[in-house]
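> Model the following, please.
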Amino acid sequence: MAIISFSKDTIVDYIPEYGDNRKSIDPCVIGIKFIPFGETVEIERIRSARMRGVEADKMLDINQSLQKERFVKHISHIKGYSVGGAEVTDAGEFYETAPAELVAEILLAMQDAFRLSKGQAKDFKQASA
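Below is the predicted model of the structure:
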């Protein structure tokens with residue numbers, strides 16, 4: 001079997017597994033742009049440069065800032081997620097309000113073409129048809 005990946009510009013409608021979302025009639029769907037390894041290496045280079053000469057107590061802030069920046073950059077749209085009855089469609093607001101496990105799942109899917117493909121919305125539509 002061949003290995004199939006995604007272009008860095010392709011938007012994949014991903015259905016998170018979190019909270020049995022994939023079993024929902026109207027699941028939350030996140031439009032994700034894949035992060036290829038080359039971009040991961042570049043992000044690590046930026047992280048190292050920003051941390052050079054920085055005190056330990058500032059390193060966590062730098063890491064969190066880079067993670068959020070990366071997350072927001074690679075989310076194109078959000079459907080089916082709400083907080084207090086209000087739909088959230090902004091990636092930054094999603095990052096700030098979503099459960100940690102959900103954000104972690106999405107971050108992992110961004111970097112793993114197999115995981116991203118496994119949660120791809122089209123696969124669930126075909127399976128339930």
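
> The most far-flung residue of the chain relative to its centre in helix, strand or coil?
Distance from the C-alpha centroid of the chain peaks at residue 53, with 29.9 Å (Cα atoms, centre = their mean). Secondary structure state of residue 53, per DSSP: H, G, I helix; E, B strand; the rest coil, is coil.

> now do the same end-to-end measure for stretch 79-95.
End-to-end span of stretch 79-95 (Cα to Cα, to the nearest Å): 14 Å.

> For this protein, give me the ranges with low pLDDT.
Along the chain, segments meeting pLDDT under 70 span 1, 123-129.

> Do a quick rundown of the strands in the chain.
Shown for the chain, the strands assigned by DSSP state E span residues 11-14, 29-33, 75-79, 82-83, 86-87.

> Dump the ones you listed to a markdown table, plus mean neighbour count.
Every residue, glycine included, has its C-beta placed from N, CA and C. Rendered in a markdown table, the data for the strands of the chain read as follows (neighbours: other Cβ atoms under 10 Å):
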| stretch | mean neighbour count |
| --- | --- |
| strand 11-14 | 19 |
| strand 29-33 | 22 |
| strand 75-79 | 16 |
| strand 82-83 | 12 |
| strand 86-87 | 9 |
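
> would TSV of those strands with distance to residue 105 be doable?
Output for the strands of the chain, formatted as TSV (distance: least, Cβ to Cβ, whole Å):
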stretch	distance to residue 105
strand 11-14	9
strand 29-33	10
strand 75-79	13
strand 82-83	18
strand 86-87	20
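
> Quick one: closest of those to residue 49.
strand 29-33 (23.4 Å; Cβ to Cβ).
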